[in-house]
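K.L.:
predicted structure and sequence below. I'll ask about it afterward.
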Amino acid sequence: MESNVYDVTDWKTPGKPIDPQDDIGAVINSIIADIKQRQTNPADKPGAVIYIPPGTYSLKTRVVVDVSFLTIRGSGHGFSSLSIRYNSNTAGWHEINPGGSHIRVENTDGNSEAFIVSRSGNPRLSSVAFENFCLDGVSFGSNQNSYRNGKVGIRFATDNDSARVRGMGMVYLEQALLIQGPDALDVSGNFIAECGTCVMIIGGSQASKISDNHLGAGPVGFTIFAENSNGLLITGNNIFPRGIDSVHIKNSYRSNISSNRLQSFYPGSITLEGNCKENLISSNMFERQVETYGPFIGVGNGLDDDFGVVQVNGDGNTITSNHVTLIIPPDQVKPANGTAAIFRIKNGDQNLVGANHIISNLAVHTVVLDAGTTNSHVFDSGTAAQLLANSSSYGFRPTP
Amino acid sequence: MESNVYDVTDWKTPGKPIDPQDDIGAVINSIIADIKQRQTNPADKPGAVIYIPPGTYSLKTRVVVDVSFLTIRGSGHGFSSLSIRYNSNTAGWHEINPGGSHIRVENTDGNSEAFIVSRSGNPRLSSVAFENFCLDGVSFGSNQNSYRNGKVGIRFATDNDSARVRGMGMVYLEQALLIQGPDALDVSGNFIAECGTCVMIIGGSQASKISDNHLGAGPVGFTIFAENSNGLLITGNNIFPRGIDSVHIKNSYRSNISSNRLQSFYPGSITLEGNCKENLISSNMFERQVETYGPFIGVGNGLDDDFGVVQVNGDGNTITSNHVTLIIPPDQVKPANGTAAIFRIKNGDQNLVGANHIISNLAVHTVVLDAGTTNSHVFDSGTAAQLLANSSSYGFRPTP
Amino acid sequence: MESNVYDVTDWKTPGKPIDPQDDIGAVINSIIADIKQRQTNPADKPGAVIYIPPGTYSLKTRVVVDVSFLTIRGSGHGFSSLSIRYNSNTAGWHEINPGGSHIRVENTDGNSEAFIVSRSGNPRLSSVAFENFCLDGVSFGSNQNSYRNGKVGIRFATDNDSARVRGMGMVYLEQALLIQGPDALDVSGNFIAECGTCVMIIGGSQASKISDNHLGAGPVGFTIFAENSNGLLITGNNIFPRGIDSVHIKNSYRSNISSNRLQSFYPGSITLEGNCKENLISSNMFERQVETYGPFIGVGNGLDDDFGVVQVNGDGNTITSNHVTLIIPPDQVKPANGTAAIFRIKNGDQNLVGANHIISNLAVHTVVLDAGTTNSHVFDSGTAAQLLANSSSYGFRPTP
């Protein structure tokens, strides 16, 4: 049988040969063209695996994935901190760049994406997988701490089913992973850090899963963002600073955000924006500290500390069994002399905050109920003095 | 040294050559025979890896795995929805079948299993692994929505230790994964959907783990079933409809079912049947909706809505920090004019339901304590009016 | 381009050829030397992957990993219980040793480690990965139940970033995994059992993750140990007996230990030692039973049962939504006529124990507050009679 196993370093691009070190994007596009040319029977299109051995590759041409069942796979996520590198004197360093199956995203084709996954018609693309290689945005330009370079690692531009992004490394991209309309997406075991945004789900999703990752965006974006989603499971992630939010959910229903560790330097570790219904936030460890790394001192997300470590907008959400530590030097609270909030219910009916534990160096409001909130349930999440209720429609029981 | 790395597309079956596209089962059996013939010293039987490149393979002969340390591995789980395909007009579709390392289960040998893992004598089979390929049952026959075709994907027929099933895709099998007597089993990262049953553990298990999967059975079976198990960990799974139950545990002790997302269209998302002791159900997101997909409207699991979203039989179980959304059009409640139950304690002593949040469009019983239940503990899981206690042996505290 | 893919069975060691079956350590060191000799430009050191096919290999020379972006990968974790084997009559057994990509750790070089990861200078080693092979300590010597042989599987001896240990099998090592100073470490999907200690993090860590593993140490060591760590996430693990502790955390802050299953035969399933601040223990299933396996009956960890199933030292820790089963034959309680403790707050301020469920055959103290503890919060975790408060500085509410 014909082989459906490709190695970018073995592939002979028809016509003019292309060295994958010069443009791995053009090489992969050529391989995909070969797959499409060979697999034409709708009943028998198994796809292929494209292997990227460890090595340093430039990507100058965007890859267009428009076949189902394609796995693009390397041997090494290759993450290395560029933030530390660009803020250090690297004289005498053993190495200064990421590695592994290392793709430098250097598009010269006018496109912003290294990979775009897109197809019109039916069915949706199924089972496209990216595994265990490194997408490196190389540089944020004149200000290496700007998190701006317009580069996108992987963009799913059309609705898709059962895709996997596993074990990848991504660094110094303005948007690492941007996914339109996934069904049963699996983003797991990745190391995505020092990117403007890490995982963005747009246009709605269902039954997707973001689990078991190391993630941390920059102050210009979100670490995890999802809109119009139902049934998103976010669990087992270790989320570093410095995203605007660690998890930002908009107009989404019935997410389960549990058993994560989330550290942040700004208000708003988790924000439920717009009309968010019946999401669960449980068994998470929140650590809110302040920035101590020189280049980012003074940078913030523009929010005041009464925004809440968690802010809820919408109905029927549940916040239980979380631990929150908030430690802010008193003179860094915003606004000055303000009172930091932990769980702020900005609006909505029937939200529940129960059996959470808050530790702080400050006198905080562990729960804030805004005017207009109704039928809130607050219990075992602080003292009566720590509750700020601007509504009278709630039940309350202090922690014993 | 001799190679223990096999590729089904390279293997020269001794005697009459067999094309793996015609019968990958016979090819793999021939490889296993080679392993057994070469590895005869009990002190030195490292096993092997059998690689299945992306491609379309028919399996006509059941594979018998009777050696330890065998990994069967593909490059692509290849899931694609056959349910959508068979209920659609596929004219003009790009592709109509699953793909990846794609095995069509088409036994002509009189057996129902694609793979059986079985060995008598000692020790138990250790470290058998199935990774990253697709088992496709092809069709449910004259009624493509029947979930009946008698096909079994992988059956472990004898007790086993430290087996792994990871990253597989399975579709349109009557039973996807049927496992006898596992110790320290790991079922993770799989995509098993549109199967009669997804993961069935029979004959007892210990210290096993079903985590990080996408799963969803059909209305004739269970998504996860386990009996006589101790210490089963079920976490991080995103479970779709339409299994009879999402998780059905029978006569099992000390499971931990936490941080999952479970959606179902029928009563009984989780059932603890028989004598279930001291299981924990925590930090899960339950979504109980009704069927809206044409071919399955009117199909149910035969249970009334007072069965409970979660039903408990046995002693000392714990249900905490869960969110449950139940939305049923009033005229679809069964029986008509009945009251749906969320957590039903059918029998048992010392069961605890605490700090859960229930949202519904209906007036529901958030907790039902059946006659004969004793020493139940119910708190922070609804109002007094939402409790239906047919026993007087319980403690209760309403949610503030 | 030059290949960065190595296979230990293909590598021609320069000078005197070495058979990897005789000394895979020397072979891998030779490969690493080749990588270092070829990759000398600090801007272009992608590292490599070294593949270990299934087979039986002796390691006589310690491997020194001193390059970033190196993946060492096998095809099979190969775990098989040596504890059962050495305590059985193995006549007629199919096999008696572990397998897969099976390395017998038999150092003759005077070193205790099979692998050491170590480099001075800057930056820290990044993205070193160990995947899917077996490290077998072979024997514990004259007493096969001693858990003592001085052997270390993998030791990270200098600070490191974004390392991964995934899918490994380790057995009969005195220390399986010993890691100095990790940042964003990922230890997941491993099977590490019958080792003196399984996962030890020393010298501090940040943002690390131990998830989705099967783990179980021997009675001489800890299953998971971490000191001076911040933000360690321990989730989704199924932890067997017989470690001194299942999880032992020392002077560590803001860990999240959630959604695990932990079985133990001794007091102290989780211990927070020294100055442990603001750690979360949530949604775990604890099973405390007694030893029934002949060779280990009578072996203990030296602790009395009033030590607690969980013992807390430090401030602001949180214990919620856990289930604990403790079953000890009354005549095996230590000291005789003593009362077993479940959650013991040994010292510290503002620790919280809420919404936990304890089942026992004994009259136990579900919570013990030692003299000197202050501002403890205890609720919904037992009756007033089950609380032993040797301090008066606490709030309490019994389970309804």
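P.N.:
Happy to help now that I have it.

K.L.:
enumerate the residues of the stretch 101-250 of chain A near chain B.
P.N.:
A:119, A:121-123, A:126-127, A:129, A:161-162, A:164, A:166, A:184, A:186, A:188, A:207-209, A:211-212, A:230-233, A:235-236 (C-beta under 8 Å from any C-beta of the partner chain). Any C-beta I mention is one placed from the backbone N, CA and C, and that applies to glycine too.

K.L.:
make it 10 Å
P.N.:
Proximity of the stretch 101-250 of chain A to chain B (C-beta under 10 Å from any C-beta of the partner chain) is limited to residues A:119-129, A:131, A:161-162, A:164, A:166, A:183-186, A:188-189, A:206-209, A:211-212, A:230-236.

K.L.:
which of these are buried? Put it as a PyMOL command.
P.N.:
The following PyMOL command selects only the buried members of those, with burial defined by 16 or more other C-beta atoms under 10 Å in any protein chain shown:
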select buried, chain A and resi 119+122+123+124+125+126+127+128+129+131+161+162+164+166+183+184+185+186+188+189+206+207+208+209+211+212+230+231+232+233+234+235+236
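
K.L.:
for the stretch 301-400 of chain A, which residue gets nearest to chain C?
P.N.:
Proximity of the stretch 301-400 of chain A to chain C (C-beta to the nearest C-beta) peaks at residue A:400, 3.4 Å away.

K.L.:
helices of the stretch 301-400 of chain A, start to end?
P.N.:
Using DSSP state H, counting those that start in this stretch, no helices are assigned anywhere in the stretch 301-400 of chain A.

K.L.:
kindly report the same for the stretch 51-200 of chain A.
P.N.:
Counting by DSSP H, counting those that start in this stretch, the helices of the stretch 51-200 of chain A are A:82-86.

K.L.:
my guess is residue A:60 meets residue A:109, correct?
P.N.:
Yes: here residue A:60 reaches residue A:109: they are 6.5 Å apart, a contact under C-beta atoms under 10 Å.

K.L.:
and for the two, which residues touch both?
P.N.:
Common neighbours of residue A:60 and residue A:109 (criterion: C-beta atoms under 10 Å, 6 or more residues apart in numbering or on different chains): A:23, A:25-26.

K.L.:
a markdown table please, covering those and showing distance to residue B:293.
P.N.:
Listed next are the shared contacts of residue A:60 and residue A:109 as a markdown table, based on distance: C-beta to C-beta, whole Å:
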| residue | distance to residue B:293 |
| --- | --- |
| A:23 | 45 |
| A:25 | 39 |
| A:26 | 42 |
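
K.L.:
hmm, back to that, which one's more surrounded, residue A:60 and residue A:109?
P.N.:
Under the criterion of other C-beta atoms under 10 Å in any protein chain shown, the comparison of residue A:60 against residue A:109 puts residue A:60 first, with 17 against 13.

K.L.:
residue contacts, that one?
P.N.:
Residue A:60 neighbours (C-beta under 10 Å, 6+ apart): A:18, A:22-26, A:104-109.

K.L.:
recalculate using a threshold of 6 Å.
P.N.:
A:23, A:106, A:108 (C-beta atoms under 6 Å, 6 or more residues apart in numbering or on different chains).

K.L.:
quick one, which of the residues you listed are buried?
P.N.:
Applying 16+ other C-beta under 10 Å to these flags A:23, A:106 as buried.

K.L.:
could I get the contacts of residue A:60 as a markdown table with distance to residue A:291 and pLDDT?
P.N.:
Output for the contacts of residue A:60, formatted as a markdown table (distance: C-beta to C-beta, whole Å; pLDDT from 0 to 100):
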| residue | distance to residue A:291 | pLDDT |
| --- | --- | --- |
| A:23 | 39 | 98 |
| A:106 | 31 | 98 |
| A:108 | 36 | 98 |
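
K.L.:
columns distance to chain C on top of the contacts of residue A:60, output as CSV?
P.N.:
Output for the contacts of residue A:60, formatted as CSV (distance: C-beta to the nearest C-beta, whole Å):
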residue, distance to chain C
A:23, 13
A:106, 14
A:108, 20
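
K.L.:
out of the contacts of residue A:60, which one sits closest to residue C:155?
P.N.:
Nearest to residue C:155, judged by C-beta to C-beta, of the contacts of residue A:60 is residue A:106 at 38.0 Å.

K.L.:
please name the nearest non-neighbouring residue to the residue of the stretch 301-400 of chain A closest to chain C.
P.N.:
Leaving aside its sequence neighbours, residue A:400 sits nearest to residue C:395 (C-beta to C-beta, 6 or more residues apart in numbering or on different chains; 3.4 Å).

K.L.:
so which residues on the stretch 251-400 of chain A come close to chain C?
P.N.:
Contact residues, the stretch 251-400 of chain A versus chain C (C-beta under 6 Å from any C-beta of the partner chain): A:259, A:261, A:263, A:283, A:285, A:287, A:321, A:323, A:325, A:355, A:357, A:359, A:380, A:399-400.

K.L.:
please report how far the most centrally placed residue in chain A lies from residue A:54.
P.N.:
Taking C-alpha atoms, centre = their mean, the centroid of chain A lies closest to residue A:199, which sits 2.7 Å from it. Distance, residue A:199 to residue A:54, using C-beta to C-beta, to the nearest Å: 25 Å.

K.L.:
got it, and residue A:360?
P.N.:
Residue A:360 is 46 Å from residue A:54, by C-beta to C-beta.

K.L.:
ok, the two, which is more surrounded?
P.N.:
residue A:54 (27 against 18).

K.L.:
that one: what's it in contact with?
P.N.:
Neighbouring residues of residue A:54 by C-beta under 6 Å, 6+ apart: A:75-76, A:100-101, C:4, C:46-49.

K.L.:
what's the answer for residue A:66, then?
P.N.:
Residue A:66 neighbours (C-beta under 6 Å, 6+ apart): residue A:119.

K.L.:
what does residue A:24 give?
P.N.:
With C-beta under 6 Å, 6+ apart, residue A:24 has these contacts: A:8, A:57, A:59, A:103.

K.L.:
leaving out the residues flanking it, which one is nearest to it?
P.N.:
residue A:57 (3.9 Å).

K.L.:
count of residues packed around that neighbour?
P.N.:
Residue A:57 sits with 29 neighbouring residues when counted by other C-beta under 10 Å.

K.L.:
same deal with residue A:143?
P.N.:
By the other C-beta under 10 Å criterion, the neighbourhood of residue A:143 contains 10 residues.

K.L.:
roughly how far does it sit from residue A:220?
P.N.:
11 Å.

K.L.:
cool, residue A:23 as well?
P.N.:
Distance of residue A:23 to residue A:220, computed by C-beta to C-beta: 29 Å.
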